[in-house]
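Asker: I'd like to go over a predicted model; first the sequence, then the structure.
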Amino acid sequence: MGRLENKVALVTGAASGIGAACVERFAREGARVAGFDVSEEPANWATLVADAPESLYRAGDVRDEQGVQATVRAVEERFGRLDVLVNAAGVGGGGPVHMLPSEEWDRVVDINLKGTYLMCKYAVEGMLERRAGNIVNIASIEGLEGTEGGSAYNASKGGVVVLTKNLAIDYARRGIRVNCVCPGFVDTPLLRSIFDQNDLGPVRERIADAHQLGRLGRSEEIASAVLFLASDDASFVVGHALVVDGGLTAGHRYGISEMLGLA
Ligand SMILES: NC(=O)c1ccc[n+]([C@@H]2O[C@H](COP(=O)([O-])OP(=O)(O)OC[C@H]3O[C@@H](n4cnc5c(N)ncnc54)[C@H](O)[C@@H]3O)[C@@H](O)[C@H]2O)c1
């Protein structure tokens, strides 16, 4: 029996990277899965949901309040309810503030933070009625600490971390658990495009090496953590920011491990 058997899940950012990995894992765990993404249905959607009893895909923007509301309604109409919401839609972006156009600030914060708020706003309506529900937001370790040039991205993800805690407080006694996952750097199209667009090839290796495991994360490793929080295995976990970062934020290395033969 799958860990999400008989559950209905809606995943934003479902067309790519971490969201797509959540869709695939949730389907394998027995959930009926709906995907929502600004991209048209990806070519591999049927493969992602191959193990799901039923599935649904809707294209739309998490900043579009009417579209968000209509998507939540469509999922509830099709499957009878919504049990699990995963907010994985997101974009990178930022830069030192004196170099950052205010439109770019708005774009990043609106997609990453306001989009999360809008999805939660409409998802909790039905969850409140049923006194049951589960929300997992994809934040970032960049929402827990600063990164050079992070600005808008880090601010948006810091907002997601604290919004997660507020949602958890507001709804825990109505049966809705809310948590977030804070990934380290994960090898997805988003991260690859940042490295490619900005000619950051050499930085990629330094970033990978900054993780204690010496590598970037994989989308499937983040999906496993999301699954834990979304499942009954995490029944007493509320308002938590779960760091899944290969040790990136555990501390610093100065070469002593190598001297001791531990590398
Ligand atoms: N890759 C990383 O290193 C990393 C690290 C920490 C957190 N995250 C977060 O994980 C989440 C998923 O990122 P990813 O790395 O898988 O990226 P990705 O680009 O592979 O996937 C993100 C998806 O979100 C969708 N999306 C973007 N804007 C949207 C909008 N306005 N409305 C609806 N959908 C939209 C994209 O079309 C895409 O399919 C993001 O919130 C990201 O910030 C990523």
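Answerer: Looks like it came in fine.

Asker: residue 132 - nearest residue in space that isn't next to it in sequence?
Answerer: residue 175 (4.5 Å; CB to CB, 6 or more residues apart in numbering). C-betas here are computed from N, CA, C, even on glycine.

Asker: what does residue 92 give?
Answerer: residue 194 (5.0 Å).

Asker: distance of that neighbour from residue 245?
Answerer: 17 Å (CB to CB, to the nearest Å).

Asker: and those two? Which one has more around it.
Answerer: Legend: neighbour count by other CB atoms under 10 Å for residue 194 and residue 245, higher for residue 245 (24 against 18).

Asker: now that one. Its backbone dihedrals?
Answerer: Here is the backbone geometry of residue 245 (degrees, to the nearest 10): phi -140, psi 20.

Asker: isn't it right next to residue 207, touching?
Answerer: No. If you go by CB atoms under 8 Å, residue 245 and residue 207 don't touch, sitting 11.4 Å apart.

Asker: which residues do these two both contact?
Answerer: Common contacts of residue 245 and residue 207 (CB atoms under 8 Å, 6 or more residues apart in numbering): residue 185.

Asker: if we can go back for a sec, need the phi and psi values for the residue nearest to residue 92.
Answerer: phi -60, psi -50.

Asker: ok, now which ones touch the closest residue to residue 55 other than its chain neighbours?
Answerer: Computed as CB to CB, 6+ apart, the closest residue to residue 55 that is not its neighbour in sequence is residue 49, at 3.9 Å. Contact partners of residue 49, counting by CB under 8 Å, 6+ apart, are 23, 24, 27, 33, 35, 55.

Asker: what secondary structure does residue 179 sit in?
Answerer: strand (DSSP: H, G, I helix; E, B strand; the rest coil).

Asker: residues contacting it?
Answerer: 135-137, 164, 168, 229, 234, 237-242.

Asker: and it, how far from residue 243?
Answerer: For residue 179, the distance to residue 243 - CB to CB - is 12 Å.

Asker: repeat that for residue 34.
Answerer: 28 Å.

Asker: between the two, which is the more surrounded one?
Answerer: residue 34 (28 against 19).

Asker: does the ligand have contacts with the helix or strand harbouring that one?
Answerer: Assigned by DSSP states H and E, residue 34 belongs to strand 32-37. Yes. Contact of strand 32-37 with the ligand (CB under 6 Å from any ligand atom) involves residue 37.

Asker: chain neighbours aside, what residue packs nearest to residue 186?
Answerer: residue 217 (4.1 Å).

Asker: likewise for residue 234?
Answerer: residue 228 (5.4 Å).

Asker: so which bits of the host helix or strand of residue 191 are buried?
Answerer: Taking DSSP H and E as the definition, residue 191 sits inside helix 189-197. Across helix 189-197, burial judged by 16 or more other CB atoms under 10 Å covers 191, 194, 195.
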